[in-house]
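Trainee: Test case, fold it:
(chains A and B)
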Amino acid sequence: MANFQLPAELMQALLEKFPNIEVQENQMVIVSADDLIPFMSEVKENPDYALDLLTNLTAAEYNDHFETVYNLISITNGFDLMVKVKLTDKDNPSVPSLCPLWGGANWQERETYDLMGINFTDYPGHPTRILLLDTFNGHPLRKDFKWEGGRE
Amino acid sequence: MKTQTYTLNLGPQHPSTHGVFQIVLELDGETVVKATPVPGYLHRGIEKLAEARTYAQVIPYTDRMDYMAGMLMNWGYVAAVEKLMGIEVPERAEYIRVIVGELSRIASHLIATGAYAGDIGGLTGFIYTFRDREDILDMLEMISGSRMTFSYFRIGGVAEDFPAEFFPAVKKFIEKFPSCCDEYDGLITGNEIFQVRTKKVGVITPEAAINYSLSGPVLRGSGINYDMRKARPYSVYDRFDFEVPLGCNGDCFDRYRIRILEMRQSLRIVEQALEQLPEGPIMAKVPKVLKPPAGDAYAEIESSKGLFGAYVVSDGSPKPYRVHFRRPSFINLGYLGKLCEGWKIADVIAILGSIDIVLGEVDC
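Mentor: Numbering: from 1, shown residues only, chains lettered A, B, ... in the order given. Next up, the predicted model:
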């Protein structure tokens, strides 16, 4: 598979602008929840990056934290970038909503809230359940969710 | 005169919603004031189920998302696991994947085209596209033994090589299919009523298309040149000569028309892939029990509905720790509410049909 990572100098410029971000191998960027909106605005609006299409938004649960995962694509430049936010507060994981930047975040955030129970803040009336009933109890993708049936 | 809006439930049991899907319409007379899509009726929790299966056992679940193009769903998932494990897929397997993938894409677009004609009121169109889809299903049955839920892809390759009877069948199909497309164009595209119902209806601006993360024919209908097979070629797509059809108005007609043009291009890809088809193994050397190293990977492919992605997290055990699917129908549907505002009820049907959703994929 060909490589569509950001060139090193662009990555360096990002690191200078946001000294708190952490870049892992294969260019996964870890951003703090406070930096998320400024960081995303920068890579979206700055024509050098032009990562204007938010393709994927999801979350995963780990032993001591939650992680929200964002995948961005640049239609003009062809780059892609994976951004993650670590949410260490396991009782109340919350992260700023990306709805002000991307309309496409709305349904994906609702899905993530519905199934994983991540709170997306700063967006009015948001999020609400999307796939499950409003009366459903719990968030099924959490590891402690008890479910009946299946093979086990 | 005092007027007030009223609420109308479209679906969940309504043929034009293409499955169990509900739209709550707030209407002023016949005009939509607000449309609230309600998905979830077909939610099976595939992502959760996957966590209790081994990596290979997840493949049949992917078939049941976009069941109109099961091959492409298989592909998105195995691509992510292969990326996670760093598996190099043999060349012949890549070509086989391209061929079955493109045939699946044609089959999916045939449903979209025929069902759309039906939505607009020309049920005859439906019969014609289903007639030709049958040929594809027959071929895919020869290859995989199944007509709908193929589970043909394997992590590291494909399940079996092409049988001998596949080659004459696909040759015949390649000769015949362009004239079938001409037939759809004559029967549906050129129809005056069809054009009046779809042109300038449900216009998506290029800015909105990008902002709402739309992909596939819905994005390209608005004139955005983004087809992952061309823009960020995966597998062996960089070796084929094909074009990416684009719309110019972003209306229902453009989205419909692009699918027919794409079918013609897919046929070109199948033709070239068959010519170039190399000899060799169809499976990479992979262990019997798959234990990807701890970590995560996200891979995307261009499915018939748009960008289909799979995010797989491994904790080093034989079962995936977390699987997430980026389903194009689901995300394309996120814009439906805004898109329907201001149009008449009949246009809502035209708009929904033009997005081409499969509820198995939307609800996952």
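Trainee: What strand or helix carries residue A:82?
Mentor: Taking DSSP states H and E as the definition, residue A:82 sits inside strand A:80-87.
Trainee: So which residues of the stretch 251-364 of chain B form strands?
Mentor: Applying DSSP state E, counting those that start in this stretch to the stretch 251-364 of chain B gives strands spanning B:295-302, B:307-314, B:322-326.
Trainee: Now do the contacts for residue B:163.
Mentor: Going by Cβ atoms under 8 Å, 6 or more residues apart in numbering or on different chains, residue B:163 touches B:142-143. C-betas here are computed from N, CA, C, even on glycine.
Trainee: distance between the ends of stretch B:282-289?
Mentor: Terminal residues of stretch B:282-289 are spaced 19 Å apart (Cα to Cα, to the nearest Å).
Trainee: In chain A, what residue lies closest to chain B?
Mentor: Minimum separation of chain A from chain B (Cβ to the nearest Cβ) falls at residue A:104, amounting to 2.7 Å.
Trainee: Could you give the number of residues near residue 51?
Mentor: You didn't say which chain, so I picked chain A. Applying other Cβ atoms under 10 Å in any protein chain shown, we find 26 residues neighbouring residue A:51.
Trainee: look at chain B instead
Mentor: Using other Cβ under 10 Å, residue B:51 has 16 neighbouring residues.
Trainee: Hmm, residue B:323 and it touching each other?
Mentor: Yes. Contact criterion Cβ atoms under 8 Å: residue B:51 and residue B:323 qualify, at 7.0 Å.
Trainee: Near chain B, which residues of chain A? Just list them.
Mentor: The interface of chain A toward chain B, taken as Cβ under 8 Å from any Cβ of the partner chain, is made up of A:1-2, A:4, A:52-56, A:58, A:60-61, A:69, A:71, A:73, A:75, A:78, A:80, A:82, A:102-108, A:111, A:115, A:130-133, A:140-141, A:145, A:147, A:150-152.
Trainee: Now, of those, which are buried?
Mentor: Neighbour-count burial within the residues of chain A next to chain B applies to A:52-56, A:58, A:60-61, A:69, A:71, A:73, A:75, A:80, A:82, A:102-108, A:111, A:115, A:130-132, A:140-141; the criterion is 16 or more other Cβ atoms under 10 Å in any protein chain shown.
Trainee: TSV for the strands of the stretch 251-364 of chain B, including distance to chain A and mean neighbour count?
Mentor: Below are the strands of the stretch 251-364 of chain B laid out as TSV (distance: least, Cβ to the nearest Cβ, whole Å; neighbours: other Cβ atoms under 10 Å in any protein chain shown):
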stretch	distance to chain A	mean neighbour count
strand B:295-302	6	22
strand B:307-314	5	26
strand B:322-326	4	26
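Trainee: Verify the stated contact: residue B:128 with residue B:184.
Mentor: Yes. If you go by Cβ under 8 Å, residue B:128 and residue B:184 touch, sitting 6.5 Å apart.
Trainee: So between the two, which is more surrounded?
Mentor: More crowded of residue B:128 and residue B:184, by other Cβ under 10 Å: residue B:184, with 21 against 18.
Trainee: how near is that one to residue B:112?
Mentor: Residue B:184 sits 11 Å away from residue B:112, taking Cβ to Cβ, to the nearest Å as the criterion.
Trainee: What of residue B:119?
Mentor: Residue B:119 sits 10 Å away from residue B:112, going by Cβ to Cβ.
Trainee: Over to residue B:229?
Mentor: With distances taken as Cβ to Cβ, residue B:229 is found 18 Å from residue B:112.
Trainee: These two: who's more crowded?
Mentor: More crowded of residue B:229 and residue B:112, by other Cβ under 10 Å: residue B:112, with 27 against 22.
Trainee: helix or strand for the more buried one, which one?
Mentor: Using DSSP H and E, residue B:112 falls in helix B:91-120.
Trainee: Just the mean pLDDT for that helix, thanks.
Mentor: Helix B:91-120 carries an average pLDDT of 93.
Trainee: Can you get me a residue count around residue 85?
Mentor: Looking at chain A here, since you left the chain open. Counted with other Cβ under 10 Å, residue A:85 comes out at 24.
Trainee: wait, I meant chain B there
Mentor: 21.
Trainee: For it, give me the pLDDT.
Mentor: So residue B:85 comes in at 91 (pLDDT).
Trainee: Can you name the residues of the stretch 1-150 of chain B that neighbour chain A?
Mentor: Counting by Cβ under 8 Å from any Cβ, the stretch 1-150 of chain B comes close to chain A at B:39-40, B:43, B:45, B:47-49, B:52, B:83.
Trainee: what's the longest helix seen in chain A packed up against?
Mentor: For chain A, the helix that runs over the most residues, judged by DSSP state H, is helix A:105-116. Helices and strands touching helix A:105-116, by 3 or more Cβ pairs under 8 Å, 6 or more residues apart in numbering or on different chains; DSSP states H and E, are strand A:53-61, strand A:119-121, helix B:328-333.
Trainee: The ones you listed: which one's closest to residue B:150?
Mentor: In terms of Cβ to Cβ, the element of the helices and strands packed on helix A:105-116 nearest to residue B:150 is helix B:328-333, at 18.8 Å.
Trainee: right, is that closest one up against chain A?
Mentor: Yes. For helix B:328-333 and chain A, the contact criterion (Cβ under 8 Å from any Cβ) is met by B:330-331, B:333.
Trainee: Which strands or helices does that helix pack on?
Mentor: Packing partners of helix B:328-333 (3+ Cβ pairs under 8 Å, 6+ apart): helix A:105-116, helix B:345-355, helix B:359-363.
Trainee: Now tabulate those helices in TSV and tack on distance to residue A:16.
Mentor: Formatted as TSV, those follow (distance: least, Cβ to Cβ, whole Å):
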stretch	distance to residue A:16
helix A:105-116	27
helix B:345-355	42
helix B:359-363	41
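Trainee: Would you format these as TSV with distance to residue B:89 and mean pLDDT included?
Mentor: Compiled in TSV, the helices and strands packed on helix B:328-333 are given as follows (distance: least, Cβ to Cβ, whole Å; pLDDT from 0 to 100):
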stretch	distance to residue B:89	mean pLDDT
helix A:105-116	29	92
helix B:345-355	32	91
helix B:359-363	24	90
